[in-house]
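> Okay, sequence plus prediction incoming.
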Amino acid sequence: ISKKPVDHPFGPFSDRFTEIQHKFGPFKPIKEAKKKNEKK
């Protein structure tokens, strides 16, 4: 699940962002959160 691209429109997702945001954006907050989680 965590390996899905940020613009993948169908859940489940491993983050707190909505399905609508994953489909239409904005994608920058999703990418930043994904990077932050990868560093942990």
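That came through, no problem.
> list the contacts for residue 30?
6, 15, 17, 21, 22 (CB atoms under 8 Å, 6 or more residues apart in numbering). (Glycine included, C-beta is placed from N, CA and C.)
> switch the cut-off to 6 Å
6, 17 (CB atoms under 6 Å, 6 or more residues apart in numbering).
> Go through the strand or helix carrying residue 34 and flag the buried ones.
Taking DSSP states H and E as the criterion, residue 34 maps to helix 28-39. Using 16 or more other CB atoms under 10 Å as the test for burial, helix 28-39 gives 30, 34.
> Compute the mean per-residue pLDDT across it, please.
For helix 28-39, mean pLDDT rounds to 90.
> quick one: residue 19 and residue 10 touch, right?
No - if you go by CB atoms under 6 Å, residue 19 and residue 10 don't touch, sitting 7.1 Å apart.
> Comparing the two, which shows the higher neighbour count?
residue 19 (13 against 9; other CB atoms under 10 Å).
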